[in-house]
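Asks: how would this look folded up:
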Amino acid sequence: MMYPLVGELAAEGIAVARACRVLGFSKQAYFAWRAEPVSKRDWEDAHLINAALDVHADDPAFGYRLIHDELQLTRGLAVGRNRVHRLCKQQRLASVIVKRRGRGKTPGPVVHDDHVKRRFGAEHLDRLWYVDISEHPTAEGKLYVCAIKDAASTRIVGLSMGPRMTADLACAALRHAIMLRRPAGTIVHSDRGSQFRSKAFANILRHHGLRGSMGRVASAADNAAMESFFALLQKNVLNSRRWTSRDELRIAILTWIERDYHRRRRQASLSRLTPIEYETIMTAALAA
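Replies: This next block holds a predicted model:
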């Protein structure tokens, strides 16, 4: 804002009218600002910026759309999305999501038909699950995380962690999901990693009446559902500090998933509900 400069020039003996003319605004506008240096709009913007900064600090993965939702739904602030976009752009608040690096390996042959065919959504719970593995460093060595996500609610329904990326890791996550959800006929979609092509993994699927699924063409889009989850995990937990042990990181991951991802993170695909809120509503609707 150039108005304070007029006051400084006036203190040095330059006429207000002349300074305003040179700077490109009217003398009346300057004196109106003098009467009320901070406009009501500026004051409101300042409060909105502070609130947006708090929301973004709580979850750096939030972009302006999710920040707008949090301001309205949890803080009761009636504000338009375009205004939030403008203020976030002004403050350089943006979703910080980094893609995981590829494993750099040629995918193996498919052992299941592709039952998804890039139709990645699901209307009902436990109709379609995604599964993938990610790796994260600690001072003790890498911790591998295998997660299974429900396509309808985006809830993590199966999870296992360990020091090696083996078929046992994938099998443990699948057993966890089966124990938690008791599914029937669920499609379990994965990439073509060896862990998901193993006989042990296929036997668990077959024993519990689940259907394995793999895309026939290697494409990043086929794994986007899990990439988005692991990117959030990366920014909210893994990059927040250096981890001295696998157990320390394991506890931090579990805490973030159960406390923040499941119960606090509102998602556009769920009509701005959290995964737990969405599942509660869906379960109640089916029981009615």
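Asks: Name the surrounding residues that touch the lengthiest helix in the chain.
Replies: Within the chain, and with DSSP state H defining each element, the longest helix by residue count is helix 40-58. Where contact means C-beta atoms under 8 Å, 6 or more residues apart in numbering, the residues beyond helix 40-58 that reach it are 62, 67, 70-71, 75, 77, 79, 83-84, 87-88, 90-91, 93. C-betas here are computed from N, CA, C, even on glycine.
Asks: how about that helix: buried residues?
Replies: 45, 48, 49, 51, 52, 55, 56 (16 or more other C-beta atoms under 10 Å).
Asks: ok, now stretch 207-215?
Replies: Taking 16+ other C-beta under 10 Å as the basis for neighbour counts, the residues of stretch 207-215 that come out buried are 208, 210, 212, 213, 214, 215.
Asks: List of residues touching that stretch?
Replies: By C-beta under 8 Å, 6+ apart, stretch 207-215 touches 110-116, 118, 178, 183-192, 196-197, 201-202, 204-205, 222.
Asks: Give the buried subset of those residues as a ChimeraX selection command.
Replies: Per 16+ other C-beta under 10 Å, the buried members of the contacts of stretch 207-215 correspond to this ChimeraX selection:
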select :112,116,178,183,186,187,188,189,190,191,192,196,197,201,202,204,205,222
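Asks: The residue nearest to the spatial centre of the chain in helix, strand or coil?
Replies: Centroid-nearest residue in the chain: residue 232, 4.6 Å away (criterion: C-alpha atoms, centre = their mean). Remark: residue 232 carries the secondary structure label helix [criterion: DSSP: H, G, I helix; E, B strand; the rest coil].
Asks: Outline the domain layout of the protein.
Replies: 3-35, 40-91, 128-287 (automatic domain parsing).
Asks: And the average pLDDT for the longest helix of the chain is what?
Replies: The average pLDDT within helix 40-58 is 76.
Asks: Now do it: distance to the chain's middle.
Replies: 21 Å (C-alpha atoms, centre = their mean, to the nearest Å).
Asks: go on, stretch 164-174?
Replies: Computed by C-alpha atoms, centre = their mean, the chain-centroid distance of stretch 164-174 equals 24 Å.
Asks: Which positions within it qualify as buried?
Replies: Using 16+ other C-beta under 10 Å as the test for burial, stretch 164-174 gives 165, 166, 167, 168, 169, 170, 171, 172, 173, 174.
Asks: So which of those is the closest to residue 237?
Replies: Using C-beta to C-beta, residue 173 comes nearest to residue 237 of the buried residues of stretch 164-174, at 17.7 Å.
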